[in-house]
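>>> sequence? don't have it. structure:
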């Protein structure tokens, strides 16, 4: 059976001034549909570079990335954007919400790019906000919400298109431990619906929510094991 994600011999190199930085060095990774995976590693290990490539936000210098049976390098820029919008939901540590938009407006944005009608956008966005327990905060702007509520809005935006994959980069990094656990419970619910969740984190307690742990050091996977 074709894996949802199949990465083979992936390399990513950056130039910082005159210095070559080898962020990824021959990474192989296979992720099946419905997996819950945590990627860990120290700062500069390459874990965020790997996540950006998995999210079609960056491209490797060498190697192959197949997503749902489709070779990503063969896609045009427009096809890549459509793939990101349809298949992948992103959650970032800094929320990345637009300050002038309400919670509802922020969650509707991926649906605008998908060309959905205004009525359907509103219905879908309201449903996504209700799934993260923010039905009573739809008309609030980000500066009127707590950190945990802003992250819930970001999650609602990530799942509003019902993506195959939820990619989360340090999703609890700016939250206290209680709110962080509430956010992780939302990811657990998303995974329980058969979706694929990939977390990038440096926090061991967050990683333990996943069912599989991949550890990256100096651009290479040094550990890949089940956590339960």
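Nice, thanks for sending it over. Here the structure is a predicted model, which is why all the values come from computation and not from measurement.

>>> buried residues in stretch 2-17?
By 16 or more other C-beta atoms under 10 Å, the buried positions in stretch 2-17 come out as 3-7, 10, 12. (C-beta placed from N, C-alpha, C; glycine too.)

>>> do stretch 54-74 as well
Result for stretch 54-74 [16+ other C-beta under 10 Å]: buried residues 54-56, 60, 63, 65-67, 72.

>>> returning to that earlier point: tell me the one of the buried residues of stretch 2-17 nearest residue 119?
Using C-beta to C-beta, residue 4 comes nearest to residue 119 of the buried residues of stretch 2-17, at 32.0 Å.

>>> so what's the closest one up against?
For residue 4, the contact set (C-beta atoms under 8 Å, 6 or more residues apart in numbering) comprises 31-33, 35, 67-68, 164-165, 196.

>>> out of those, which are inside strands?
Among the contacts of residue 4, DSSP state E puts 31, 67, 165, 196 in strands.

>>> so what pLDDT did residue 4 get?
Residue 4 carries a pLDDT value of 94.

>>> Next: residue 78.
What the model reports as pLDDT for residue 78 is 87.

>>> Next, count neighbours for it.
Neighbours of residue 78 under the rule other C-beta atoms under 10 Å: 8.

>>> can you check residue 153 too?
Residue 153: 28 neighbours (other C-beta under 10 Å).

>>> Phi, psi for it please.
phi -60, psi -40 (degrees, to the nearest 10).

>>> Can you pull up the most central residue in this structure?
By C-alpha atoms, centre = their mean, the mean C-alpha position of the chain lies nearest to residue 167, the distance being 1.5 Å.
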